[in-house]
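Peer 1: I'll drop the sequence and a predicted model, then ask my questions.
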Amino acid sequence: VQLVESGGGLVQAGGSLRLSCAASGFHLDDYYIGWLRQAPGKEREGVACISSADGSTFYSGDVEGRFTISSDRIENRVYLQMNSLKPEETAVYYCAVSSDFGLGPGLYDSWGQGTQVTVSS
């Protein structure tokens, strides 16, 4: 199992970024994929997850309506479109694999290396 995130960067408050997670060694239909983040000095938290097999998605209350998780089952990639970003959402964003559907970091077994998102005020 390998996960490689990309798409992070510096954006002004209110701006948008699209993160990408390239998965290899398994097919997206076989597991749930989540996007989680860890801000400096804070615990890791889940923001969105997806079941590529049936299209189900789930979001944390903090990001619902602003973030959209999606998957490309042919390319075996998962995306996180982030709109209306806030400075407090500055964090390292990770994609991860789970056998269970949910946002708890403890559910996730394999993680990518993360991509830094910095939101300036």
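Peer 2: That came through fine.
Peer 1: For beta bridges, what are the partners of the residue nearest to residue 8 when sequence neighbours are not counted?
Peer 2: Distances taken as Cβ to Cβ, 6 or more residues apart in numbering put residue 115 closest to residue 8, at 3.4 Å, once the chain neighbours are dropped. Placement of C-beta: from N, CA and C, glycine included. Note on residue 115: beta-bridge partners by DSSP bridges are residue 93.
Peer 1: Settle this for me: residue 115 is touching residue 80, isn't it.
Peer 2: No. Residue 115 is beyond contact range of residue 80, at 9.9 Å (criterion: Cβ atoms under 8 Å).
Peer 1: shared neighbours of these two, anything?
Peer 2: 19, 93 (Cβ atoms under 8 Å, 6 or more residues apart in numbering).
Peer 1: okay, these two: which has more neighbours?
Peer 2: Neighbours were tallied for residue 115 and for residue 80 using other Cβ atoms under 10 Å; the higher tally belongs to residue 80 (27 against 22).
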